[in-house]
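Visitor: here's my sequence, what's the structure:
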Amino acid sequence: MGKMRILFFLCLLFVQMLHYSFGQSSVDTLKIYKKAKSAPFYVSKNPQKLSRYLTSGLQNDAEKVLAISYWICNNISYKYMGQISRSVEIKSSHKILQQKKATSIEYAKLFKELCAVVNIPSEIVHGYVKDFDFFPGDTLYRAEYAWNVVKISNEWHIIDLTLAANDLEPDGTPFSKFMWAVLRKPTTVKMKPVKRYSPQWICVPPHKAIYTHMPILPMFQLLEYTITIDVFMRGDSIINQYVGRYPQKTRYYFDLEKYVTLNDVDKYVYVAKNTLLENPFAHFNAAIYYYFAVEHFKKKNYLEEKGRLFALQDEIRPMLVYSNYADSLFVLSVTDDVKELKAFQARSEKWKRDLAEYNKIHSANSQELIKRYMKQTQNIKRIKTQNDAIVSYIQKNKSIVSDKTIIDQPRPMVQKNADMYEAIALKSQVDSMGIVIKKIQKYLDNQIGFVSKNDAQKALQNEQNALKINQKNTRVLRNYITKKGNSMPMVYLTNKSIEKKLYKENLFTIDSLNKNATDTLLNFLSVQQPIVFEQIKMYNSLIVAYCKQLQTIKSKLQNGIGEDTLYITAVKEYTDYMERVSNEFVKAAIALPEISKILHEHIELLQECIKHFKKDNELEVSRHAQYMEYRKKFRQIDTEYIKHFQAVNKEYRKIIQKALK
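Guide: The predicted structure follows:
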């Protein structure tokens, strides 16, 4: 019951598409489904009986086409290996029905013959579809795929029963299948067909079909303004521009209507002659159609028991010309195979070369960052040792001067002139020392201000943020390498995996966070910390001498000249400066070990990334080798395929030449 509901639902969805495709034709999809589903075994092996059974009692050609299409989709499996291995045999409809397997041309042939039984005009269309390694700008040398056009209510429609009946998915890991299902990104050249009814491929609107299906002749596009093979090869965006610039108001059938009136040999010759006009690289397709013309003529007019052709000389003579054309074009198609292989190889080698170059750049940038981090960890050790010495010195000398000393200092009971003159002279020295102290204070203000603005806590916060980015960067790269190793990609649909721009951008952010805080702070401390320490020692010596002089002045003057205030102010300023310097350096002492720990984590992560880049290069060599092995095997199959037709064509030519003697 579950399957019944799903199929019924699909049929109901299909009604909407049929309404567009068949215009006013009424289609009873449920009746069609039931009839196709219940087709008895005894009619399923005979094309005539099957077609008549499927279409009996149906009201119009639209229903008949749908009944035939649905039965084929539901009962015939895709012989995908026959498609890619260039099976030279195109089975008869009887054989297709017996084996229940078909290549794309066999799907198209069976559909055409079932339609012909009930007088529905249909044609087989050979054309180009874009393989997994097709890229905009590639040259399409061969049209190896086939579908149909069918006439319903005086309108022609595009039908691809291969895709309507099947979907392709990677024959690999669950990850391979996921990448293909969601992103259509192949991670293996091993694909397998899966039966999956897709009604959107039955009666595809021509302006949509042209994005995926390029017939060898323009008339099969069914477009008012046809698209050239050059536009098709340049990719979807160019097709989209063309369709937008030339809206399709009506369908064009004039050439097609003339074509269907031709006999089979004339059809083959017509296609052969016009194929190269549309695509000058399609030597194989022109060759094979000339070959089909000769083959069809031979089958129709050759008597095995007599061993000769029975036809008029005027009919036989063109066949010799066509056979010679086919032979020459087969030779050119072998050359095309060589060109195509070289193009695939050049692109794959460029991917490999570019990937190695980008990985080299990323590794070098990562290594530069590692060098800086290692230097910074060494600096932190030295800075911390110096820092501890400064803090210890300040703590030891913070009470070296005290207000109490000046307060407790008594003044003389009697003022002596000599003492007064000496005090005035000392005051001059105190003023000079005060100027030096002010310069030291100004220097310390600048240093404290810089350290405060670029404090270690800010650097720590920056490094914590940078570490998160680095961890993400490494995790993404690690996952990418793991997936690439498990499911080797054959091609790169974008340069994302080659260039790894996200890694570069994240590394730039990590670098900026370090430069803007940690690197700036450590460079400053490395240079200025020893100078600051010397200034503090000098400040200490000066404040002791300064205060001692003020104390001496007070001991010599009965009336003060402001020495108490100067003393107390100097002590307070000294205490404040030592406190501020101590606080900033204590904060640094707390943060620097944490920063050093994070820097070591950065180094480990970056070293891991460099290893991943090296592994990526190794995997890329393997990818390129596997891809080229696949392509060379494909070319070898193609060469054997062409040789087969050349050999048969040679035999046909002998028969023709014998008949012309």
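Visitor: give me the distance from the helix or strand hosting Asn583 to the chain's centre.
Guide: For Asn583, the host element (DSSP states H and E) is helix 563-660. Helix 563-660 sits 15 Å away from the centroid of its parent chain (CA atoms, centre = their mean, to the nearest Å).
Visitor: read off the pLDDT value for the nearest residue to Leu309 once chain neighbours are set aside.
Guide: Sequence neighbours aside, Ala659 is the residue nearest to Leu309 in space, at 4.1 Å (criterion: CB to CB, 6 or more residues apart in numbering). Where you see a C-beta, it was placed from the backbone N, CA and C, and this is true even at glycine. Ala659 is assigned 91 on the pLDDT scale.
Visitor: Ala659 and Tyr290, how far apart?
Guide: According to CB to CB, to the nearest Å, Ala659 and Tyr290 sit 18 Å apart.
Visitor: could you pull out the strands for the protein?
Guide: Taking DSSP state E as the criterion, the chain contains strands spanning 77-78, 101-102, 122-128, 145-152, 155-159, 166-170, 191-195, 202-204, 214-215, 302-303, 308-309.
Visitor: what number of residues lie near the closest residue to Arg631 other than its chain neighbours?
Guide: Excluding the flanking residues, the one nearest Arg631 by CB to CB, 6+ apart is Phe344, at 5.0 Å. Applying other CB atoms under 10 Å, we find 20 residues neighbouring Phe344.
Visitor: repeat that for Lys654.
Guide: 11.
Visitor: from Ser323, how far out is it?
Guide: On the measure of CB to CB, Lys654 and Ser323 end up 10 Å apart.
Visitor: can you check Ile440 too?
Guide: Distance, Ile440 to Ser323, by CB to CB: 105 Å.
Visitor: these two: which has the busier surroundings?
Guide: Remark: of Ile440 and Ser323, Ser323 carries more neighbours, 26 against 17, as counted by other CB under 10 Å.
Visitor: picking that back up, let's have the strands of the chain in TSV, adding mean pLDDT, mean neighbour count and distance to Ser333.
Guide: Converted to TSV, the strands of the chain look like this (pLDDT from 0 to 100; neighbours: other CB atoms under 10 Å; distance: least, CB to CB, whole Å):
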stretch	mean pLDDT	mean neighbour count	distance to Ser333
strand 77-78	88	19	25
strand 101-102	90	22	25
strand 122-128	94	22	14
strand 145-152	94	24	17
strand 155-159	94	22	27
strand 166-170	72	19	26
strand 191-195	71	16	25
strand 202-204	91	25	29
strand 214-215	94	25	18
strand 302-303	91	13	26
strand 308-309	90	17	27
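Visitor: need the ones you listed in JSON lines (columns: distance to Val294).
Guide: Listed next are these as JSON lines, based on distance: least, CB to CB, whole Å:
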{"stretch": "strand 77-78", "distance to Val294": "30"}
{"stretch": "strand 101-102", "distance to Val294": "25"}
{"stretch": "strand 122-128", "distance to Val294": "17"}
{"stretch": "strand 145-152", "distance to Val294": "20"}
{"stretch": "strand 155-159", "distance to Val294": "29"}
{"stretch": "strand 166-170", "distance to Val294": "33"}
{"stretch": "strand 191-195", "distance to Val294": "33"}
{"stretch": "strand 202-204", "distance to Val294": "33"}
{"stretch": "strand 214-215", "distance to Val294": "23"}
{"stretch": "strand 302-303", "distance to Val294": "11"}
{"stretch": "strand 308-309", "distance to Val294": "11"}
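Visitor: so for Ala517, which of the ones you listed sits nearest?
Guide: The closest of the strands of the chain to Ala517 is strand 166-170. By CB to CB, the value is 47.2 Å.
Visitor: measure stretch 195-210 end to end?
Guide: Start to finish, the residues bounding stretch 195-210 are 24 Å apart (CA to CA, to the nearest Å).
Visitor: can I get stretch 243-260 in CSV, CA atoms only?
Guide: Extracted C-alpha coordinates of stretch 243-260, given in CSV (Å, rounded to 0.1, in the frame of the first residue of the first chain):
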residue,chain,number,x,y,z
VAL,A,243,17.3,32.6,-23.2
GLY,A,244,16.7,35.9,-21.4
ARG,A,245,17.8,37.9,-24.4
TYR,A,246,15.7,35.8,-26.9
PRO,A,247,12.5,34.7,-25.1
GLN,A,248,10.9,31.7,-26.7
LYS,A,249,7.3,32.7,-27.7
THR,A,250,6.5,29.7,-29.8
ARG,A,251,7.9,26.3,-30.8
TYR,A,252,9.5,25.7,-34.2
TYR,A,253,8.8,22.4,-36.1
PHE,A,254,9.2,23.2,-39.8
ASP,A,255,12.5,21.5,-40.3
LEU,A,256,11.5,18.6,-38.1
GLU,A,257,8.2,18.0,-40.0
LYS,A,258,10.3,17.8,-43.3
TYR,A,259,12.8,15.4,-41.6
VAL,A,260,10.1,12.9,-40.5
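Visitor: closest one to Ala36 among the strands of the chain?
Guide: The closest of the strands of the chain to Ala36 is strand 202-204. By CB to CB, the value is 13.0 Å.
Visitor: ok, and for stretch 381-396, which residues are buried?
Guide: Ile383, Lys384, Gln386, Asn387, Ile390, Val391, Tyr393, Ile394 (16 or more other CB atoms under 10 Å).
Visitor: looking at those residues, which are in helices?
Guide: Ile383, Lys384, Gln386, Asn387, Ile390, Val391, Tyr393, Ile394 (DSSP state H).
Visitor: kindly reformat those residues as CSV containing distance to Ala272 and pLDDT.
Guide: As requested, those are arranged in CSV below (distance: CB to CB, whole Å; pLDDT from 0 to 100):
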residue, distance to Ala272, pLDDT
Ile383, 83, 88
Lys384, 85, 87
Gln386, 88, 88
Asn387, 88, 85
Ile390, 93, 88
Val391, 93, 87
Tyr393, 98, 92
Ile394, 98, 90
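Visitor: which among those gets closest to Leu606?
Guide: Nearest to Leu606 among those, counting by CB to CB, is Ile383 at 22.6 Å.
Visitor: got the contact list for that closest one?
Guide: Neighbouring residues of Ile383 by CB atoms under 8 Å, 6 or more residues apart in numbering: Leu522, Leu525, Ser526, Gln529, Ala588, Leu592.
Visitor: for Val294, state which of these is nearest.
Guide: Ranked by distance to Val294 (CB to CB), the contacts of Ile383 are led by Leu522 at 83.6 Å.
Visitor: grab the nearest non-local neighbour of Ala286.
Guide: With sequence-adjacent residues excluded and distances taken as CB to CB, 6+ apart, Ala286 is closest to Thr275, at 4.5 Å.
Visitor: quick check, nearest of the buried residues of stretch 381-396 to Pro206?
Guide: Ile383 (74.2 Å).
Visitor: list the contacts for the residue nearest to Leu309?
Guide: By CB under 8 Å, 6+ apart, the neighbours of Ala659 are Arg308, Leu309, Ala311, Ile316.
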